[in-house]
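For reference, the sequence and a predicted model appear below.
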Amino acid sequence: MAGNGDGRVAGVNAFDDYDRVAVVTGADSGIGRATAVRLAHEGFDIGITYHEDEEGVRKTEEEARAAGRRVAVRRHDLTDPVRGSEAVKGLIDELGGIGVLVNNAGTGSGEPLLDTGYERWRQVFSVDLDGPFLCSKIAAAHMRDAGRGGRIVNVSSVHEEFPRVNAGAYCAAKGGLKLLTRVLALELGLYGITANTVAPGEIATPMTDQHEEEPALDSRAGYPVSRPGHAYEVADAIAFLARPGSSYVTGASLFVDGGLTLMGPQAGGALQDATWRAG
């Protein structure tokens, strides 16, 4: 079969004409900003959401517009996921469609499970799981009705698979996000809509207290690639899953972690004390 200029194989996928509009949640910094800018350079018009950082989202908007694309912005608060997810509908209406949804907005947790109150537990789940569920419903229904396929990429974490002390709520929510994504893949494949997770390890972003910093080289002796990752390295993985050429990848988790998850038994065997119990 003949190839196409963007890497597609002619005749294989009938759903490759989805709207070149991408909505990225939590795009005011870090992975979200890098993704919005990367997709703008890929030829997508960009819808972006943010929670509180108005200065950060304006920077994202400026960088995406510099790529020559239309940009629309909405504020949202996914601690109220029903109301917060309406921002996605507003962006779809303003931009005239959606072909790619990147559920990137998220929050963490940093306390032992026995010290985690139910309100805190629900807050983490509202942002990290309920929000992606509701945003995905809105976007996927539009993609289905348009009949031209689409892409859902959920930004998860290595902790969708591997637990961490003092991050129980976060790990549980990200584990749920992985299975949500896989069920979406099963149910939406008929409509040419793929659903995947990108699972970052330690990335130099505000969430890891490395705001606007370059990853420090040779600073992580326990990682095969001995540094934190860059947000743009995650954005490139998301961009791959957003393209028409990724049409046969669905229900997958793409780990972007510098090999961190390979080190479980190796690192465990190298520990000399029990300080890991403190997180």
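Thanks, I have the structure now.

okay, CA-based contacts and neighbour counts for the rest of this
Fine.

would you list every one of the helices in the stretch 151-279 of the chain?
For the stretch 151-279 of the chain, helices defined by DSSP state H, counting those that start in this stretch occupy the ranges 168-188, 231-242, 264-270.

out of those, nearest to residue 205?
Smallest distance to residue 205 across the helices of the stretch 151-279 of the chain (CA to CA): 7.0 Å, for helix 231-242.

which parts of that closest one are buried?
Across helix 231-242, burial judged by 16 or more other CA atoms under 10 Å covers 231-239, 241-242.

How about stretch 44-63?
Residues of stretch 44-63 classed as buried: 44-51, 57, 60-61, 63 (neighbour count, 16+ other CA under 10 Å).

Next, the distance between the ends of that stretch.
Start-to-end span of stretch 44-63 (CA to CA, to the nearest Å) is 13 Å.

sorry, back to before: list just the nearest of the buried residues of helix 231-242 to residue 130.
Looking across those and measuring by CA to CA, the closest to residue 130 is residue 238, at 20.9 Å.

my read: the closest one touches residue 153, true?
Yes. Using CA atoms under 8 Å, residue 238 makes contact with residue 153 at a distance of 6.9 Å.

Common neighbours of these two, please.
residue 198 (CA atoms under 8 Å, 6 or more residues apart in numbering).

Can you tell me which of the buried residues of stretch 44-63 end up in helices?
Counting by DSSP state H, the buried residues of stretch 44-63 place 57, 60-61, 63 in helices.

and of these, the nearest to residue 117?
The nearest member of those to residue 117, counting by CA to CA, is residue 57 at 31.4 Å.

Now that closest one: closest residue in space, sequence neighbours ignored.
What sits nearest to residue 57 in space, not counting adjacent residues and going by CA to CA, 6 or more residues apart in numbering, is residue 28, at 4.0 Å.

Export the ones in helices among the buried residues of stretch 44-63 to JSON lines and append columns for distance to residue 132.
JSON lines is the format used below for these (distance: CA to CA, whole Å):
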{"residue": "57", "distance to residue 132": "20"}
{"residue": "60", "distance to residue 132": "21"}
{"residue": "61", "distance to residue 132": "22"}
{"residue": "63", "distance to residue 132": "25"}
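
what's the most distant pair in those residues?
Farthest-apart pair in those is 57 and 63; separation 9.9 Å (CA to CA).

Would you map the strands across the stretch 1-150 of the chain?
21-24, 45-50, 71-75, 100-103, 150-155 (DSSP state E, counting those that start in this stretch).

Just send those back as a markdown table, with distance to residue 35 too.
Listed next are the strands of the stretch 1-150 of the chain as a markdown table, based on distance: least, CA to CA, whole Å:
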| stretch | distance to residue 35 |
| --- | --- |
| strand 21-24 | 7 |
| strand 45-50 | 10 |
| strand 71-75 | 13 |
| strand 100-103 | 9 |
| strand 150-155 | 11 |
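
Would you tell me which of those strands gets closest to residue 273?
Closest approach to residue 273 among the strands of the stretch 1-150 of the chain is made by strand 150-155 (32.9 Å; CA to CA).

Give me the mean pLDDT for the closest one.
Mean pLDDT, computed over strand 150-155, is 98.

can you check stretch 76-91 too?
96.

Pull the residues that contact that stretch.
The set of residues external to stretch 76-91 that reach it, using CA under 8 Å, 6+ apart, is 23, 47-51, 72-75, 123-124, 126-127, 130-131, 134-135, 138-139.

Please report how far the residue nearest in space to the middle of the chain lies from residue 176.
Nearest to the geometric centre of the chain sits residue 155, at 2.2 Å (CA atoms, centre = their mean). Distance, residue 155 to residue 176, using CA to CA: 12 Å.

hang on, the earlier thing: any idea which of the strands of the stretch 1-150 of the chain gets closest to residue 227?
Of these, nearest to residue 227 by CA to CA is strand 150-155, at 20.3 Å.

tell me what that closest one is packed against?
strand 100-103, helix 131-146, strand 193-200, helix 231-242 (3 or more CA pairs under 8 Å, 6 or more residues apart in numbering; DSSP states H and E).

pLDDT averaged over the first one - what is it?
If you average the pLDDT over strand 100-103, you get 98.
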